[in-house]
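A.B. asks: Turn this into a model:
(chains A and B)
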Amino acid sequence: AQSVTQLGSHVSVSEGALVLLRCNYSSSVPPYLFWYVQYPNQGLQLLLKYTSAATLVKGINGFEAEFKKSETSFHLTKPSAHMSDAAEYFCAVSSSGGYQKVTFGTGTKLQVIP
Amino acid sequence: SAVISQKPSRDICQRGTSLTIQCQVDSQVTMMFWYRQQPGQSLTLIATANQGSEATYESGFVIDKFPISRPNLTFSTLTVSNMSPEDSSIYLCSASRDLDSGANVLTFGAGSRLTVL
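C.D. replies: Okay, the predicted model is just below:
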C-alpha cells in the first residue's frame, strides 16, 4: 500500500518569499513521487517527478523537490513566490514497478499575497 | 505530452438520471484513467479504462454505477448512473504514456463538474 500526506491544506506566502509545501509518503516498495499543480478550472499538470535518479529534482516554473528517504519526504520548494504560483498543489506516489497506480495527497492551496 | 478534451465541462443533473462524460486524447495512449475529485478532497481513482476489455475498478466503485467504455486508444467514456446528490463532484479523465523513465506520468483533462439536484 502507498499513501502521501500533505501538511497544511492552505499555505500563504508573500510575493518574493520562499515557498515550502510539505509532503510525506508511505510506500512498501521504492516509490516514484510526483508534484502536480492545478490552476482554477483546469486539469492537473505535472510540475516534477522523482524516479530514483537524482534526489534533487527540478521542475517547471522554478520549483524543485528533494527526495529524502530517511525522512520519507518529498517537499516542494521555490525560492521566490510569484503571484502566478497561486494554485492547488498535489503530491502523488506510485510504485516503481508493476501496475503503477498513482495515489494523490489531499492537496495544498497556495495563496500568494502581494 | 498528450492533450485531453473532456465534455461536458459542467452540467446540472436531476436525481435518478444518468450522464455520460466523454474523453478524447489527441494521440494514442496506452492507459486511461477516471478520477473523482470531491470538494475539499483529493483525487480518487475510479477505474482504469482498458482498450478492448472491461475496465478495472477500484475498491468502492462498481461497473453498474460507473460504466466505462474504451473503444480505441484515443477515446473513453464514463457514465454516472442513477445519480444522487452524493455524486456531485468533478470527474477527471487522465492518460499516461510509456516514458523513458518508466514512470506513470499522468496528463489530465480539465474535468467535468457535475451537480446533482
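
A.B. asks: all contacts plus neighbour counts: C-alpha atoms, from now on.
C.D. replies: Fine.

A.B. asks: and residue A:45, bridged to which residues?
C.D. replies: On the basis of DSSP bridges, residue A:45 is bridged to residue A:37.

A.B. asks: give me every residue that touches it.
C.D. replies: A:36-38, B:107-108 (CA atoms under 8 Å, 6 or more residues apart in numbering or on different chains).

A.B. asks: Ranking by neighbours, what's the top pick from those residues?
C.D. replies: residue B:108 (26 neighbours; other CA atoms under 10 Å in any protein chain shown).

A.B. asks: Enumerate every residue touching it.
C.D. replies: By CA under 8 Å, 6+ apart, the contact list for residue B:108 reads A:43-45, B:3-4, B:92-95.

A.B. asks: how near is it to residue B:115?
C.D. replies: Residue B:108 sits 20 Å away from residue B:115, going by CA to CA, to the nearest Å.

A.B. asks: Kindly report the same for residue A:25.
C.D. replies: 33 Å.

A.B. asks: Okay, strands next: where are they in chain B?
C.D. replies: B:4-7, B:10-13, B:19-25, B:31-37, B:43-49, B:56-57, B:68-72, B:75-80, B:89-96, B:106-108, B:112-116 (DSSP state E).

A.B. asks: quick one, what contacts residue B:16?
C.D. replies: Residues near residue B:16 by CA under 8 Å, 6+ apart: B:81-84.

A.B. asks: Quick check: PyMOL command selecting the buried ones in these.
C.D. replies: Here is the PyMOL command that selects the buried residues among the contacts of residue B:16 (16 or more other CA atoms under 10 Å in any protein chain shown):
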select buried, chain B and resi 81+83+84
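
A.B. asks: Just the pLDDT for the residue most central in space within chain B.
C.D. replies: Geometric centre of chain B, nearest residue: residue B:34, 2.8 Å, by CA atoms, centre = their mean. We note a pLDDT of 97 for residue B:34 in this prediction.

A.B. asks: for the one 10 residues further on, same thing?
C.D. replies: Here the pLDDT value assigned to residue B:44 is 94.

A.B. asks: Next one: it relative to residue B:14, how far apart?
C.D. replies: For residue B:44 relative to residue B:14 (CA to CA), the value is 23 Å.

A.B. asks: Cool, thanks, talk later.
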